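Engineer: what's the 3D shape of this:
(chains A and B)
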Amino acid sequence: MTSFRIDGGTSINRDDVRQFSFNGEKLSGFGGDTVASALLANGKQLVGRSFKYHRPRGILTAGAAEPNALLTIGRDGRRDPNTRATMAELFDGLEARSQNCWPNVDFDIGAVNGVLGPILGAGFYYKTFMWPAAFWEKVYEPIIRKAAGLGRASYDPDPGYYEKCWAHCDLLVIGAGAAGLAAALTAGRAGARVIIADEGAQLGGGMRAERSMIDGKPADIFLGDVMGELISLPNVDIKSRTTIFANYDDGVFGGVERVQKHLPEAEINPNRAMERLWRIVAKHTILATGAEERPIVFGGNDRPGVMMAGAMRTYLNAYGVAPGKRVALFANNDQAYDTARDLEERGIEIAAIIDPRTCPDVGYHGSARHIAGAVVRDTAGRKGLKSITVRHDDGRDEVIAVDALAISGGYSPIVHLACHRGARPVWSDDHAGFMPPMDADGLTPVGAVSGVRGIVACFNAGANAACDALVGLGISARPALIGADVAGDHVNDPEAAGAQDTLPVWSVPSARGKAFVDFQNDVTASDINLAMREGYDHVELAKRYTTNGMATDQGKTSNVNAIGILAENKGVSPGDIGTTTFRPFYTPVSFGALVGASKGFEFQPVRKSPLHGWAARNGAKFVETGLWYRSSWFPKGGETFWRDSVDREVLNVRTNVGICDVSTLGKIEIFGADAAEFLNRVYCNAFLKLPVGKARYGLMLREDGFIYDDGTTSCLAENHYFMTTTTALAAGVLTHLEFCAQVLWPELDVRLASATDQWAQMAVAGPKARATLAKIIDDDLGNEAFPFLAAREVSLFGGKLRGRLFRISFSGELAYEIAVPAGYGSCVADAIMEAGKEFDIAPYGTEALGVMRIEKGHVTHAEINGTVTPADLGMGRMVSAKKDDFIGRVMNKREGLLDAARPLLVGIKPKSPSDRFATGSHILNVGADVRLENDQGYVTSTCHSPNLGHTIGLALIKGGPERYGEEVVIWNGLAGTHVTGVICNPAFVDPENEKLHA
Amino acid sequence: MRDFLLHNVSPFPADETANGHGNMQIRALRDGFVFHLLGRSDTDTATVEKTIAAPIADLGGELRQLAPYQWFWVGNATLSQERVAEISAALPSMLALTDQTHGRVRLVVSGPQVRSVLAKGAMIDLADDVFAIGQSVMTQIGHIGAMITRTGDAEFEIMVLRSFAESLWHEIHQMAAEFN
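Structural biologist: Numbering: from 1, shown residues only, chains lettered A, B, ... in the order given. Here you go, the predicted structure:
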């Protein structure tokens, strides 16, 4: 035990000794300690260096607002930078390191900035690094970023699992101090669904530092009883270690639960989240977040050893840690005197109580020297506090030797969550603080956040607020903990009644040396004054000019003092200055929690075709297309280069027969008496008269006249159609159709169902396709019975199975697509492979599919890129001139879309077969300079054609088919190549369509 | 090829008992049928129930509304394609039926922690007194669209597009892992 660890400490377990290291030094603490309390117990007052001046800094608070004691905890992938020592629980083997210091926290080279202080004031960077402008990105910014800054993120992946959850409740209670516990107990007893969340490892909030007797029991025993009852109620969900960080619309709150961050590596359950991100949906919310004690702005107020009075009391009572051997208190309010009382009871010498108020009557009857009407103007001590300089009301200075100073400048209600949705807090002179906007939109602030002080008053406020909220939800409740008997609750102390309340001291006028407003960003009172003098006196401007209130603590201890200084200097009320905007997050949230489980393999779900397993068995290489995995080629017999496989697959289809998985194409079932009329309106070509048993290629336009999607639609029966879409637009087309059906033409009887996942669909293509399929399909597949574009249900395997057969072709070969219920897909594919064996059938993937469609001059979304019309693709005649109306009809006739100079679809090939060119290359006339105005168009698709033995491409070129045979230059600006090409018919293979009808 | 052996392959991984030893059970449903019923914009649930009264009495199953004028009729009987065609043909024109037995697949998650497991993916309040047995909702589990139906005290059925089945299976196991 160290000399700073004294008796008591309601939060720690002295039987549970825990070893940890701080900057490599081996130290020990107890279970229940925070890293901060353990460091203090080990006499470590100096824990870090400040952001700009690298000044020695200690631990200021005992909670979420800590601006100074930011440590890097853990190692490798589990390294967490910027962890507040005041929030991190001590575990065995914990490794903590100071940040922003080099070579170490005791001897920090960067402290030279402290000497340069006078020129490093607000706006220094803005003023200094203005020229030359080119230096900013390359020279200044890297240097500044290296010098300033907080902890560094680990480059190793975090091995921990994270997740995101939803929760629902009648009443969400945020904060488990006196008010929150009374509210939760009230609602819990009434049977309401309650969630009570608190950022602490143990519930109790401010009560954990309390030494009062409640109903005849010590406060911690009383707290234990309340906890016991809450735990026993099945309708109460207690979320400790959970920070509610955001208030979103409709009663949804964001929270982060630190599930396993407090455990040593060996105890971490890999199947349990390290942290959970909660989205809590609450019917009503009790905001019992308490109040943040404000520092006082005076010279040297950042020296290690200066601590918030409430924090000092917490370390003393909850952790059994003495702040020092000789302590002073500098406070402007009554509540801070509790700290003096408790210190004295524990036998710690109080050198003086300095109170700027002239006649404080606080019911303090201790023996400490009381100096009224005085302030602390300066402190001394190199890495820890040695003495303070007190300025008496008569102007006399007195140096008092102390090794710790408790400060308290009043209380700022923690109003953040009440203000996240835009409401502004309201200044109250009575409370010397910004109060939450009251009872806004299902949110009731109670307890210290609404200015209530004292345990009894907070119990009452919490319980009554819960009753009122539950009435609104139709639940009747009786207030719990009302009328508790609390001894030593100074608000109920009659002697304290009528005492002068908090006297705001925004900054000590006689301060000597740097008087810090924002500890984390090293913003001093003189910086705020400078900002004002330079015209940045609006609170939002002052924040950005000085950086006051920025970074990880977001000004929890500094904002109100900065506002106070601005107000004082302008001679107005802090209410007239107002606050900066409150936004999520209340405290920093790890990226791990925000990402949840969606990382690595789980980054996004995978969609697999019903033929995925069949393709894998046949050796497919897969490619991700959106969420889908599609088989792209099937290496065979020692093929190592993808194009070897693709060329073979293409030639095999053109010569024999191949099978390809096309299950991922979007499929939509369309029903209804008006289905034909509906299709006629969504496609630009005619569909009204499509006979049963026939498929038709359709072009869907957007309202602006450009092509949206293409595909085939078949009429399977009267009032029943089956549409296919491209894979990528399956969801988009269905949404578009639903919009048309529900919004544009609600009078039509048309009903749409996605059927993509119901069917395993295979393209069987090649001269031997019919012979292959005839072996498994019972129906006659001859040209008479099943001509090109036939589409109907067929029987397979002698009536064992029914499927849908479509005679359509993307490859340009004699081809069919057969669809069977998905579960039978892989068996049917096996059967087709077996049937086609004698014809040398081979599977082919999307790469071969792509080659064959380019060889045939068929378009995909490489051509349908949002800028093309049917006429651009040579399909202008498909656009019906007879139909009354269809989507895109009017805009398709715009002047610009009819312009004769529009690029039109052509084929393109190299003049010399050995030359290659790439998609995206631009077309120039021979001899023309590379300039935008000489641009003739661009290449939309390219491939190596194994049938022709050279590169071929599709292109959109001005003049289009009129230029067949013309030589042009194919310019690739990225590769810096010029290739002579020849414009040609896009149908490189079978331009007469003889194969289709074979 | 008439003697070719056909079987219906489940999209769920075969290893379905892997997590059956703990508190949570995750079980794929490999039989049954899912019909997607599409009504006109004047069709209500009562009318649909009346319309399919005879076949539902025969085949069993229940109606789950997935959208305005759209329902899934989900049952555990195994039906031939011919029987489905008969049922479909017998419906009046105000109600269309499309067989989605292969397109929408189902799994059952059960166990005392089932609500905590599903809360990791679904934003719906599944509390005992809020989400009754038999109730269904179209929602999402993580990034995957799914229909959740409460089928018992601590048992929920999840129906998902077939192509997502493997991902969902994996995710639910991951979500349940801490309870096993």
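
Engineer: do you know the pLDDT at A:G149?
Structural biologist: pLDDT, A:G149: 61.

Engineer: likewise the one 5 residues further on?
Structural biologist: Reading off the per-residue confidence, A:S154 sits at a pLDDT of 89.

Engineer: again, but for the one 10 residues further on
Structural biologist: Here, the pLDDT recorded for A:K164 equals 97.

Engineer: report whether whichever helix or strand it is part of contacts chain B.
Structural biologist: Assigned by DSSP states H and E, A:K164 falls within strand A:161-174. Yes - Strand A:161-174 reaches chain B (Cβ under 8 Å from any Cβ of the partner chain) through A:Y161, A:E163, A:K164, A:C165, A:W166, A:A167, A:H168. Where C-beta positions appear, they are placed from N, C-alpha and C, glycine not excepted.

Engineer: ok, which stretches of chain B are strands?
Structural biologist: B:25-29, B:33-39, B:62-67, B:70-75, B:95-99, B:104-110, B:136-141, B:144-152, B:155-161 (DSSP state E).

Engineer: contacts for the second one next, please.
Structural biologist: What that stands for is strand B:33-39. For strand B:33-39, the surrounding residues in contact (Cβ atoms under 8 Å, 6 or more residues apart in numbering or on different chains) are A:671, A:751-753, B:47-48, B:52, B:59, B:61, B:63, B:66, B:69-75, B:77-79, B:84, B:87, B:94-101, B:103-104, B:106, B:159.

Engineer: could you check the angle strand B:155-161 makes with it?
Structural biologist: 70 degrees (axes from the mean of the first three to the mean of the last three Cα atoms, to 10 degrees).

Engineer: neighbouring strands - and their directions - for strand B:33-39?
Structural biologist: Strand pairing for strand B:33-39, determined by DSSP bridges: strand B:70-75 (antiparallel), strand B:95-99 (antiparallel).

Engineer: how far out from the middle of the chain is the longest one?
Structural biologist: Once both centres are worked out by Cα atoms, centre = their mean, to the nearest Å, strand B:70-75 turns out to sit 8 Å from its chain's centre.

Engineer: quick one: the strands in the stretch 301-450 of chain A?
Structural biologist: A:306-308, A:326-331, A:349-355, A:370-372, A:375-380, A:387-391, A:397-401, A:404-408, A:411-413, A:426-428, A:433-435, A:443-445 (DSSP state E, counting those that start in this stretch).

Engineer: residues near the residue nearest to B:W73 when sequence neighbours are not counted, how many?
Structural biologist: Distance criterion Cβ to Cβ, 6 or more residues apart in numbering or on different chains; nearest residue to B:W73, sequence neighbours excluded, is B:F35 at 4.2 Å. B:F35 has 25 neighbouring residues, counting by other Cβ atoms under 10 Å in any protein chain shown.

Engineer: kindly report the same for A:D7.
Structural biologist: 9.

Engineer: OK, contacts around it?
Structural biologist: Counting by Cβ under 8 Å, 6+ apart, A:D7 touches A:G320, A:R346.

Engineer: what's the strand holding A:K164 packed up against?
Structural biologist: Under the contact criterion of 3 or more Cβ pairs under 8 Å, 6 or more residues apart in numbering or on different chains; DSSP states H and E, strand A:161-174 touches helix A:178-189, strand A:194-197, strand A:273-287, helix A:455-472, helix A:591-595.

Engineer: so which of those is the most surrounded?
Structural biologist: Stretch with highest mean neighbour count among the helices and strands packed on strand A:161-174: helix A:178-189 (a mean of 31; mean count of other Cβ atoms under 10 Å in any protein chain shown).

Engineer: quick one: it near chain B?
Structural biologist: No - Helix A:178-189 does not reach chain B (Cβ under 8 Å from any Cβ); its nearest approach is 15.5 Å.

Engineer: how far off centre is that helix?
Structural biologist: For helix A:178-189, the distance to the chain centre is 32 Å (Cα atoms, centre = their mean).

Engineer: mean confidence score for it?
Structural biologist: Rounded mean pLDDT across helix A:178-189 is 98.

Engineer: then it to PDB, C-alphas only?
Structural biologist: Output of helix A:178-189 as PDB, limited to C-alpha atoms (Å, rounded to 0.1, in the frame of the first residue of the first chain):
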ATOM      1  CA  ALA A 178     -29.900   9.500  -7.000                       C
ATOM      2  CA  ALA A 179     -32.500  10.900  -9.400                       C
ATOM      3  CA  GLY A 180     -32.000   8.200 -12.100                       C
ATOM      4  CA  LEU A 181     -32.200   5.300  -9.500                       C
ATOM      5  CA  ALA A 182     -35.400   6.700  -8.000                       C
ATOM      6  CA  ALA A 183     -36.900   7.000 -11.400                       C
ATOM      7  CA  ALA A 184     -35.900   3.500 -12.500                       C
ATOM      8  CA  LEU A 185     -37.100   2.000  -9.200                       C
ATOM      9  CA  THR A 186     -40.400   3.800  -9.400                       C
ATOM     10  CA  ALA A 187     -41.000   2.600 -13.000                       C
ATOM     11  CA  GLY A 188     -39.600  -0.800 -12.300                       C
ATOM     12  CA  ARG A 189     -41.900  -1.400  -9.400                       C
END
